[in-house]
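got a sequence here, can you model it:
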Amino acid sequence: MLHSDFCRIFAAVMNRRTESVIDIPGQPSSPHDKRSAKRDLQRQRLMENKVYQTMEGLTRYMDRYYLDALIGIIPGWGDAIAVVSAVPFVYFALRVIKSIPLTLAILNNTLRDVLLGMIPFFVGDIIDIFHRANMKNMAMVKGFVDGDESIIREVRQRAWQSAVIFVVLLILIALMIWVLITFGSYLYRIITNAIL
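Numbers count the residues shown, from 1 in each chain. Okay, the predicted model is just below:
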């Protein structure tokens, strides 16, 4: 009787060992491997998404080739193009990843970029060279796609901060537009009075 119990236990142990040692090709062998394979498949699908590829192109041209700073030289239009270039990031975060905190953080970076770019006398354009909002947005999106816990935790912690900053930045942008219009009309009056 003792011998048969021993044999049964030994056979069960050996079966467990062989199940864990034998890997079937293409099949994840543990629950951790299954989650990792599922995450890799999801990451692959997201990276093949056309919007994701558009975001990578925008990041490359707007920030790495400094097109954002060059376009910023055109008063008003440069900042409008900076906002338009953020639309794919916002869409991807909100509709594809479905993350409101990530969307708020992207809007925060974009509005900060617009506000800094609106500083007159080419100071904003010089700051645009160093700020690189699209690269920051792309790093946050990649962190979410890759499942980087530190980026996900950081963005979630900044969600409320981003919401408050979002409102403050909208007010500051409206104030900056008012200042620029007032200053422009003042310069226009000076120039027209000097000519007449």
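
rest of the way, CA atoms for contacts and neighbours
Noted.

residue ranges with poor pLDDT in this structure?
1-32 (pLDDT under 70).

let's see 80
1-36, 39, 75-76, 157-162, 165-166, 196 (pLDDT under 80).

just the strands from it, written as ranges.
In the chain, no strands are found when defined by DSSP state E.

dump the residue contacts of the most centrally placed residue in it.
Central residue of the chain (C-alpha atoms, centre = their mean): Asn137, 2.9 Å from the mean position. Applying C-alpha atoms under 8 Å, 6 or more residues apart in numbering to Asn137 gives the contacts Phe89, Ala105, Ile106, Asn109.

can we see that at 7 Å?
Ile106 (C-alpha atoms under 7 Å, 6 or more residues apart in numbering).

nearest spatial neighbour of Leu104, skipping sequence neighbours?
Nearest non-adjacent residue to Leu104, counting by C-alpha to C-alpha, 6 or more residues apart in numbering: Ser162, 5.7 Å away.

so that neighbour touches Asn108, yeah?
Yes: assessed by C-alpha atoms under 7 Å, Ser162 is found in contact with Asn108 at 5.7 Å.

which one of these two has more residues nearby?
It is Asn108, of Ser162 and Asn108, that has more neighbours when counted by other C-alpha atoms under 10 Å, with 26 against 23.

is it true that that one touches Phe166?
Yes: counting by C-alpha under 7 Å, Phe166 is a contact partner of Asn108 at 5.6 Å.

just to revisit the earlier point, dump the residue contacts of the residue nearest to Leu104.
Leu104, Ala105, Asn108.

which residue comes closest to the second one once chain neighbours are left out?
In this case it means Ala105. Ser162 (5.7 Å).

how near is the one you found to Gly143?
18 Å (C-alpha to C-alpha, to the nearest Å).

would you mind measuring the gap between the ends of stretch 68-78?
End-to-end distance (C-alpha to C-alpha), stretch 68-78: 7 Å.

start the count at 644 instead of 1 going forward.
Shifting the count to begin at 644 puts that one at stretch 711-721.

pull out the buried positions in it.
Residues of stretch 711-721 classed as buried: Asp711, Ala712, Ile714, Gly715, Ile716, Gly721 (neighbour count, 16 or more other C-alpha atoms under 10 Å).

which residues touch it?
So stretch 711-721 is contacted by Met705, Asp722, Ala725, Gly760, Phe765, Asp768, Ile769, Asp771, Ile772 (C-alpha under 7 Å, 6+ apart).

what is the neighbour count of the closest residue to Phe735 other than its chain neighbours?
Among residues not flanking Phe735 along the chain, Val694 sits closest, at 6.7 Å (C-alpha to C-alpha, 6+ apart). Neighbour count of Val694, defined by other C-alpha under 10 Å: 17.

all good on my end, thank you.
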